[in-house]
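Undergrad: Using only what follows, build the 3D model:
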Amino acid sequence: MSDDLAVAAELLASTRVVPGAEGLAPAPVGLYYWAFKGRTTAGEIAKQLSAARFMKHNSVRAVATLDKLLRA
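TA: Next comes the predicted model:
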């Protein structure tokens, strides 16, 4: 989830995705991000998400939690 969709779009455009290991796609509330177990903190996307430029604008949530938030 992102509080600034322009920053989410910048992250999407600037991040190098490792095909087959992780993924990133636009979503109405930010970006969808998936990674195989063990890559959630070591992958290229995770490194970008933790950068100060992007960290202050995003909140990582599990799909089930996101579903609950969107239905509330």
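Undergrad: hey, where'd the strands end up in the protein?
TA: 22-27, 30-35 (DSSP state E).
Undergrad: Please identify the deepest-packed of those strands.
TA: strand 30-35 (a mean of 19; mean count of other CB atoms under 10 Å). All C-beta spots, glycine's among them, are computed from the backbone N, C-alpha and C.
Undergrad: any chance you could map the helices in the chain?
TA: 5-14, 44-49, 52-55, 63-71 (DSSP state H).
Undergrad: Could you list the residues in contact with the shortest one?
TA: The one in question is helix 52-55. Residues from elsewhere that reach helix 52-55 (CB atoms under 8 Å, 6 or more residues apart in numbering): 7, 10-11, 48-49.
Undergrad: I'd like the average pLDDT over that helix.
TA: Helix 52-55 carries an average pLDDT of 84.
Undergrad: and if you look at the second one?
TA: In this model, helix 44-49 has an average pLDDT of 84.
Undergrad: what's E22 in contact with, if anything?
TA: 33-36, 39, 43-46 are the contacts of E22 under CB under 8 Å, 6+ apart.
Undergrad: What separation is there between it and D4?
TA: As judged by CB to CB, to the nearest Å, E22 and D4 stand 22 Å apart.
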